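Chemist: heads up, no residue letters with this:
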């Protein structure tokens, strides 16, 4: 991949950032979603409202937070509310347009497991659990998911339904009385996926540059469906790449405890 | 009316074996010093309540103090898993741990209901989520007006809650600012509330009138412990020690290394040692 001048992970973050718009109100999960949301803010969507579950609304961090409650998020936010208010008024109240989540395990209908690998009572691996995700998944107007592809991560059957996507597919959400759209976009390090309008199964609609259908299938635990008209994801622009790399460099330095030279509340872009 | 007490006495007076206790702090203002004092005093059979049981509950569980944990995100925020908690859940080491697992929305609502004196919290949640299958404390109620089926969970009513805050005034009123998290709800939901603070000031006369304040009569005891949230942070005083959170992942991965670290950094130390730990984090706060 090196001959392309960018890594699959960089392509994933940048492709995810492009999906966000300036008028979105985005509830940001930590990790890959956080990087994508901030690249969007620093490039084409400076007006985007980023919300982290620690209660920070309209935050504009100079470095990516290690946790959802880093001080940087509060320093640069329009306002910071209590956690009950965050979940009751802003999320449950229907004011979030995009919930942006990562996943430890994902199935083809966008159901997410971040709870256990193995049996719940006697797990093989105890993962951290749902945190805010179970309600983000159902109360946000729609859900974007981003994760690097692997057979361990993208599985035919997840071990635990932490956060509900499209369930068994089709109209399963409506049957449970959930009136939000659920997962509408999946961005991996190899491709962009969208749910089939009827079955709700994630279908590859765009391959990232240099990626083949075989490569997508090799790193996915279910039989992959491809759209009839398969597109190629435009490669990252110089601005997108530089913005992401600068953000990562600042973040790495800050998390290792090196001197933080950036002024609190400053913005780049 | 609250009392100003040394931390060792505030903990001894307010925590008992078998208590349901919350050491709350949502990433910010985590009451690490209070938790370490509880570890030194060696309490047993605790039911630990917290939305995000991070390092301090990993430490208490690893030291064998917990009978049960009630939580919604058992991770080291931004780093990964809690390895002592995992060892207890996966291997029963040092002993089995009962867990009651919720979502953040449920826990936040449950604390708020506790503070409001209600027996349960009602919210729109857990739709399609499997936690409702494995946690018998997740139930549903039907709205008597619209017929909508809503989630219900019991309120959280700890015997005692410990929180850390920026400052108290001399009367014992408490100020919390920045990421205010669930501090106020957790304190008001509990029968007893113990607050550690960075400092005590004469009064709050010059402050914004809406800053989050717990009036002195709603707080049982206050202890002054500068740096008492480390490796978490106190907005306006010192920043989060992210390097310590990354380091914890390695320390907690090994049972022996964990015990050695606890002996050296908790058992053989006191609350007075926290101030020095945040010195290098103060100039950038």
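Modeler: Perfect, I can see it now. The structure presented is a predicted model; accordingly, all values stated were derived computationally and were not measured.
Chemist: so residue B:8 makes contact with residue B:37?
Modeler: Yes - with contact defined as C-beta atoms under 8 Å, residue B:8 reaches residue B:37; the gap is 5.9 Å. To be clear about C-beta, it is placed using only N, CA and C from the backbone, and glycine gets the same treatment.
Chemist: tell me the average confidence for the helix or strand harbouring residue A:247?
Modeler: Element membership of residue A:247, judged by DSSP states H and E, is helix A:238-255. What helix A:238-255 shows for mean pLDDT is 93.
Chemist: Would you map the helices across the chain?
Modeler: Just going to use chain A. Taking DSSP state H, the helices of chain A run over residues A:8-18, A:32-42, A:71-75, A:83-85, A:133-139, A:172-175, A:213-218, A:238-255.
Chemist: looking at chain B here, not the other one
Modeler: All helices of chain B, identified by DSSP H, fall at B:7-14, B:32-41, B:55-62, B:83-91, B:104-115, B:131-134, B:183-189, B:242-251, B:255-262, B:274-277, B:279-282.
Chemist: Quick check: buried residues in stretch B:12-26?
Modeler: Across stretch B:12-26, burial judged by 16 or more other C-beta atoms under 10 Å in any protein chain shown covers B:14-15, B:19-26.
Chemist: Show me how far it is from its chain's centre.
Modeler: 9 Å (C-alpha atoms, centre = their mean, to the nearest Å).
Chemist: how far away is the residue in the stretch 1-150 of chain A positioned nearest to chain B from residue A:86?
Modeler: Relative to chain B, the nearest point of the stretch 1-150 of chain A is residue A:69 (2.5 Å; C-beta to the nearest C-beta). Distance from residue A:69 to residue A:86, counting by C-beta to C-beta, to the nearest Å: 11 Å.
Chemist: anything in stretch A:36-47 near chain B?
Modeler: No - taking C-beta under 8 Å from any C-beta of the partner chain as the criterion, stretch A:36-47 and chain B are apart, separated by no less than 14.4 Å.
Chemist: chain center to that stretch, what's the gap?
Modeler: Stretch A:36-47 has its C-alpha centroid displaced from the chain centroid by 14 Å (C-alpha atoms, centre = their mean).
Chemist: on that earlier part again, looking at residue B:8 and residue B:37, which one has more neighbours?
Modeler: The neighbour count for residue B:8 versus residue B:37, taken as other C-beta atoms under 10 Å in any protein chain shown, is higher for residue B:37 (27 against 14).
Chemist: How about the more buried one, nearest residue that isn't a chain neighbour?
Modeler: residue B:11 (4.5 Å; C-beta to C-beta, 6 or more residues apart in numbering or on different chains).
Chemist: One more: residue B:171?
Modeler: Spatial nearest neighbour of residue B:171, excluding adjacent residues (C-beta to C-beta, 6+ apart): residue B:216 at 5.1 Å.
Chemist: Run through the residues that contact that neighbour.
Modeler: The contact partners of residue B:216, by C-beta atoms under 8 Å, 6 or more residues apart in numbering or on different chains, come to B:1-2, B:171-174.
Chemist: Distance check, it against chain A.
Modeler: Computed with C-beta to the nearest C-beta, to the nearest Å, the distance linking residue B:216 and chain A is 21 Å.
Chemist: follow-up on the earlier one: and the angle from the helix holding residue A:247 to helix A:32-42?
Modeler: Per axes from the mean of the first three to the mean of the last three C-alpha atoms, to 10 degrees, the angle that helix A:238-255 makes with helix A:32-42 is 120 degrees.
Chemist: hmm, back to that, pull the contacting residues for the residue of the stretch 1-150 of chain A closest to chain B.
Modeler: Listed by C-beta under 8 Å, 6+ apart, the contact partners of residue A:69 are A:52, A:54, B:26-28, B:77, B:179, B:181.
Chemist: do you know how far the residue nearest to residue B:37 is from chain A?
Modeler: Taken as C-beta to the nearest C-beta, the span from residue B:11 to chain A is 25 Å.
Chemist: wait, isn't residue A:83 in contact with residue B:52?
Modeler: No - counting by C-beta under 8 Å, residue A:83 does not reach residue B:52; the two are 9.9 Å apart.
Chemist: Overlap in contacts, those two.
Modeler: residue B:26.
Chemist: How about the closest residue to chain A within the stretch 101-250 of chain B, nearest residue that isn't a chain neighbour?
Modeler: Of all residues in the stretch 101-250 of chain B, residue B:128 sits closest to chain A, at 2.8 Å by C-beta to the nearest C-beta. Of all residues not flanking residue B:128 in the chain, residue A:164 sits nearest, at 2.8 Å (C-beta to C-beta, 6+ apart).
Chemist: Check the gap between that neighbour and residue A:95 for me.
Modeler: Relative to residue A:95, residue A:164 is positioned 20 Å away (C-beta to C-beta).
Chemist: for residue A:251, same thing?
Modeler: Taking C-beta to C-beta, one finds residue A:251 at 28 Å from residue A:95.
Chemist: what about those two, which has more around it?
Modeler: Using other C-beta under 10 Å as the criterion, residue A:251 and residue A:95 rank with residue A:251 on top: 20 against 16.
Chemist: dump the residue contacts of that one.
Modeler: So residue A:251 contacts A:63-64 (C-beta under 8 Å, 6+ apart).
Chemist: what does residue B:178 give?
Modeler: A:71, A:74, A:80, B:28-29, B:166, B:234-236 are the contacts of residue B:178 under C-beta under 8 Å, 6+ apart.
Chemist: Could you tell me which of those count as buried?
Modeler: The buried subset of the contacts of residue B:178 - by 16+ other C-beta under 10 Å - is A:71, A:74, A:80, B:28-29, B:166, B:234-235.
Chemist: what's the closest of those residues to residue B:157?
Modeler: Nearest to residue B:157 among the buried ones among the contacts of residue B:178 is residue B:29, at 21.5 Å by C-beta to C-beta.
Chemist: you'd agree that closest one is up against residue B:181?
Modeler: Yes - counting by C-beta under 8 Å, residue B:29 does reach residue B:181; the two are 6.9 Å apart.
Chemist: Count the neighbours of the nearest residue to residue B:35 once chain neighbours are set aside for me.
Modeler: Using C-beta to C-beta, 6+ apart and skipping the chain neighbours, the partner closest in space to residue B:35 is residue B:56 (3.8 Å). Neighbour count of residue B:56, defined by other C-beta under 10 Å: 25.
Chemist: Return the per-residue confidence for residue B:56.
Modeler: The model reports residue B:56 with a pLDDT of 97.
Chemist: wait, it sits on residue B:37?
Modeler: No - Residue B:56 is not in contact with residue B:37 according to C-beta under 8 Å; the separation is 11.0 Å.
Chemist: Just the pLDDT for residue A:261.
Modeler: 36.
Chemist: Please apply the same query to residue A:267.
Modeler: Turning to residue A:267, the model gives it a pLDDT of 28.
Chemist: How far off centre is the lowest-mean-pLDDT helix or strand in chain B?
Modeler: Least confident helix or strand, chain B: strand B:212-214 with a mean of 86, by mean pLDDT, DSSP states H and E. In terms of C-alpha atoms, centre = their mean, the centre of strand B:212-214 is found 17 Å from the chain centre.
Chemist: So for that strand, what gets flagged as buried?
Modeler: For strand B:212-214, burial by neighbour count (16+ other C-beta under 10 Å) applies to B:213-214.
Chemist: Kindly report the same for stretch A:218-235.
Modeler: By neighbour count on 16+ other C-beta under 10 Å, the buried set for stretch A:218-235 is A:219-222, A:224, A:233, A:235.
Chemist: related to what we said a few turns ago, who touches the residue of the stretch 101-250 of chain B closest to chain A in this structure?
Modeler: Residues in contact with residue B:128 (C-beta under 8 Å, 6+ apart) are A:137-138, A:161, A:164, A:167, A:172-173, A:176, A:178.
Chemist: okay, it: pLDDT?
Modeler: As predicted, residue B:128 sits at a pLDDT of 97.
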